[in-house]
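Student: here is my input; please provide its structure:
(chains A and B)
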Amino acid sequence: MIITSGAALGAVIGTIGLAAFGIFCGLLYKGFDRKIAAHMQSRTGPPVIQPFLDVSKFMIKDTVQPERALAWLYNAAPIISLASVITVLLYLPFGGLTFTPVLSGYGDLILVVYLLILPALAMVAGGFASSSPFATVGAQRRMITMMSYEFPLAVVAIAIAWKLNQLYPGGSVFGLAFIYSHPLWGQIGPSGIIGMLLLLFAIVVVTPGQLATVPFDICEASPEIAEGLTAEYSGRNFALFYLADAAKMVAIGTLTIALFFPYDISPLIGIGGIPGSFIDFLFFLVKLFLVVTLMVTLPRVAMARLKVSQVPSIYWSATTAIAIVGLILLMIPN
Amino acid sequence: MVSLPFWNPIICIIALVILIAVTCLFRSRGQKKYKEGTAQTQIFLSGEEPPAVEQIHIKSHNIYWGFFQILKRYYDPSVRAHTGIINDYIIWFIALVALTTVILFIASLT
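Tutor: You can find the predicted model right below:
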């Protein structure tokens, strides 16, 4: 494979630009999430820019390293966590169909599903390395959650790729750009639509587990284990985890949009060119806002934290069963 | 025709390395100092005295506690079956060989 220096420079600039914008969006949506959740609970809540203020505050606070911590791993974990989340963003069609992923053609849906494990693994490693009993318990719980939600998530990914392969034999059905440009909803019968709705439900349940938010926030569980994994993290290290969390919310939201809502608005209103791309980009941000609200904010406000033993049970039995039924319904020919 | 998944590990690693470099650059802008050798560096344990290092053991059974809990109906008989007595394992082996032979015999008839 030959990569020209111009293409390489473009990829580096694209990578850094997307990293900055992905983090910006993640912090902004975190702000919306907190504001909406507060209003749902009849509170005023913090300003939307609060996450930005939080990060700037974390950066000037002492970065304490516990005496017994395994220093190199303790410090490397937040760096790897943030870098790996942004790597995921490079493979995703962030911004709509006209914005080709930076690494389009170099990785697919299966890679994205597995790359999404990396930030959580880094957090687990950091938790164990910090030598805190609270963090150790949190790391154990995070591992259980990870192993639980991977199976239903894999079923969702495979179901959509399988259906695309049936409709477009020979197409690059695992490629995110291909998936985004070939929406399924209009090409499947009633049983397929029910199947897609079930798969959407499965990913809605998986997302709070991926982000470790309520009701699947057993690894943090402030009243029980004092934030668990991040109990010993502070200052700039904690800021990196915070940013990784924000960027991961954007990555999972973008993945959900690519799989289930891959529609642009410019063809509908008949605007092309650069203005059309700009409108599609704004439309994408609106979709991302709605997806984050549905998958993160609503469950966080409406539900209570589950018990440790309930998490694998919910993912392995109910969610996996729903995803498999969705897969079977999607397999039925129109 | 079935389309296969694809990825380029070299590109993925290069991207990851660039992003790690950018992240390190951003991290270097933050506060580096803290008060070494003070109470600040003690781990937080709700006011309790942290246990000695040699007393902290993490067993795999602890890590997979949630799984053991929900799969109790599978694990309990499995654990009971592992008695540690060699005679029991040989009985299991003979029984499985007999079962496999029967299955292969039936399969050869069809």
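Student: poorly predicted segments of the chain, please.
Tutor: Chain wasn't specified; assuming chain A. Under the criterion pLDDT under 70, the flagged ranges of chain A are A:1-4, A:6-7, A:334.
Student: not quite, go with chain B.
Tutor: If you take pLDDT under 70 as the line, chain B has these spans: B:1-3, B:56-64, B:66-67, B:70.
Student: got the residue ranges for the helices in it?
Tutor: B:9-28, B:60-63, B:65-70, B:72-81, B:86-109 (DSSP state H).
Student: show me what counts as buried in the first one.
Tutor: For helix B:9-28, burial by neighbour count (16 or more other CB atoms under 10 Å in any protein chain shown) applies to B:11-12, B:14-16, B:18-20, B:22-23, B:26-27. From N, CA and C alone the C-beta is placed, and that goes for glycine too.
Student: count residues in the vicinity of A:Pro275, would you?
Tutor: A:Pro275 has 10 neighbouring residues, counting by other CB atoms under 10 Å in any protein chain shown.
Student: wait, a helix at it?
Tutor: Yes: A:Pro275 sits within a helix when classified using DSSP: H, G, I helix; E, B strand; the rest coil.
Student: just flag the most distant two among the buried residues of helix B:9-28.
Tutor: B:Ile11 and B:Arg27 (24.3 Å; CB to CB).
Student: which residues sit against stretch B:35-46?
Tutor: A:62, A:64-68, A:130-134, A:226, A:231-232, B:34, B:50 (CB atoms under 8 Å, 6 or more residues apart in numbering or on different chains).
Student: and A:Asp54, what are its phi and psi?
Tutor: phi -60, psi -50 (degrees, to the nearest 10).
Student: right, I mislabeled it, should have said A:Gly272
Tutor: phi -110, psi -170.
Student: need the distance between the two termini of stretch A:288-298.
Tutor: In stretch A:288-298, first residue to last residue: 14 Å (CA to CA, to the nearest Å).
Student: in it, what counts as buried?
Tutor: Buried, per 16+ other CB under 10 Å, within stretch A:288-298: A:288-289, A:291-293, A:295-298.
Student: which one of those residues is nearest chain B?
Tutor: A:Leu288 (21.1 Å; CB to the nearest CB).
Student: wait, a helix at that closest one?
Tutor: Yes: judged by three-state DSSP, A:Leu288 forms part of a helix.
Student: I figured it hits A:Gly26, correct?
Tutor: No: the pair A:Leu288 / A:Gly26 is not scored as a contact, 10.0 Å apart, by CB atoms under 8 Å.
Student: find residues that contact each of those two.
Tutor: A:Val250.
Student: burial check on A:Ile60, number of neighbours?
Tutor: A:Ile60, neighbours per other CB under 10 Å, totals 12.
Student: got the contact list for the nearest residue to it once chain neighbours are set aside?
Tutor: Excluding its sequence neighbours, the residue lying closest to A:Ile60 (CB to CB, 6 or more residues apart in numbering or on different chains) is B:Gln31, at 5.3 Å. Contacts for B:Gln31 (CB under 8 Å, 6+ apart) come out as A:59-63, A:235-236.
Student: what helices or strands is the host helix or strand of A:Ser56 leaning on?
Tutor: If you go by DSSP states H and E, A:Ser56 is part of helix A:50-60. Applying 3 or more CB pairs under 8 Å, 6 or more residues apart in numbering or on different chains; DSSP states H and E, one finds that helix A:50-60 contacts helix A:5-40, helix A:235-260.
Student: so how many other residues sit close to the residue of chain B found nearest chain A?
Tutor: Nearest residue of chain B to chain A: B:Gly30, at 2.8 Å (CB to the nearest CB). Applying other CB under 10 Å, we find 20 other residues in the vicinity of B:Gly30.
Student: contacts only, for it.
Tutor: A:58-60, A:63, A:235-236, A:239.
Student: let me know whether A:Leu255 touches A:Val112 as I believe.
Tutor: Yes: using CB under 8 Å as the test, A:Leu255 is close enough to A:Val112 to be in contact (6.3 Å).
Student: looking at these two, which is more packed in?
Tutor: A:Leu255 (28 against 25).
Student: which residues touch the more buried one?
Tutor: Going by CB under 8 Å, 6+ apart, the list of residues near A:Leu255 reads A:92, A:112, A:116.
Student: name the nearest residue to the last one, sequence neighbours excluded.
Tutor: What it means is A:Leu116. A:Val88 (5.9 Å).
Student: in the helix or strand hosting the one you found, what's buried?
Tutor: Using DSSP H and E, A:Val88 sits within helix A:71-91. Neighbour-count burial for helix A:71-91 flags A:74-91 (criterion: 16+ other CB under 10 Å).
Student: spatially central residue in chain A, please.
Tutor: With distances taken as CA atoms, centre = their mean, the residue of chain A nearest its centroid is A:Ile252 (2.3 Å).
Student: surely that residue is in contact with A:Gln210?
Tutor: Yes: counting by CB under 8 Å, A:Ile252 does reach A:Gln210; the two are 5.5 Å apart.
Student: need the overlap of contacts for these two.
Tutor: A:Leu116.
Student: farthest residue from the center of chain A?
Tutor: A:Glu67 (33.3 Å).
Student: quick one, what contacts that residue?
Tutor: B:41-43.
Student: what about the residue in the stretch 101-250 of chain A positioned nearest to chain B, how many neighbours?
Tutor: For the stretch 101-250 of chain A and chain B, the shortest gap (CB to the nearest CB) falls at A:Arg236, measuring 2.8 Å. Neighbour count of A:Arg236, defined by other CB under 10 Å: 24.
Student: what's the distance between the residue lying closest to it once chain neighbours are set aside and A:Leu27?
Tutor: Closest residue in space to A:Arg236, ignoring its immediate chain neighbours: B:Gly30 at 2.8 Å, by CB to CB, 6+ apart. For B:Gly30, the distance to A:Leu27 equals 16 Å [CB to CB, to the nearest Å].
Student: same check, this time on A:Phe128
Tutor: 28 Å.
Student: try A:Ala221
Tutor: 24 Å.
Student: show me which of those two is the more surrounded one.
Tutor: A:Leu27 (24 against 19).
Student: ok, that one - contacts?
Tutor: Neighbours of A:Leu27 in contact, by CB under 8 Å, 6+ apart: A:51-52, A:55, A:243, A:246.
Student: neighbour count added to the residues you listed, as TSV?
Tutor: Below are the contacts of A:Leu27 laid out as TSV (neighbours: other CB atoms under 10 Å in any protein chain shown):
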residue	neighbour count
A:Pro51	23
A:Phe52	16
A:Val55	20
A:Leu243	26
A:Ala246	27
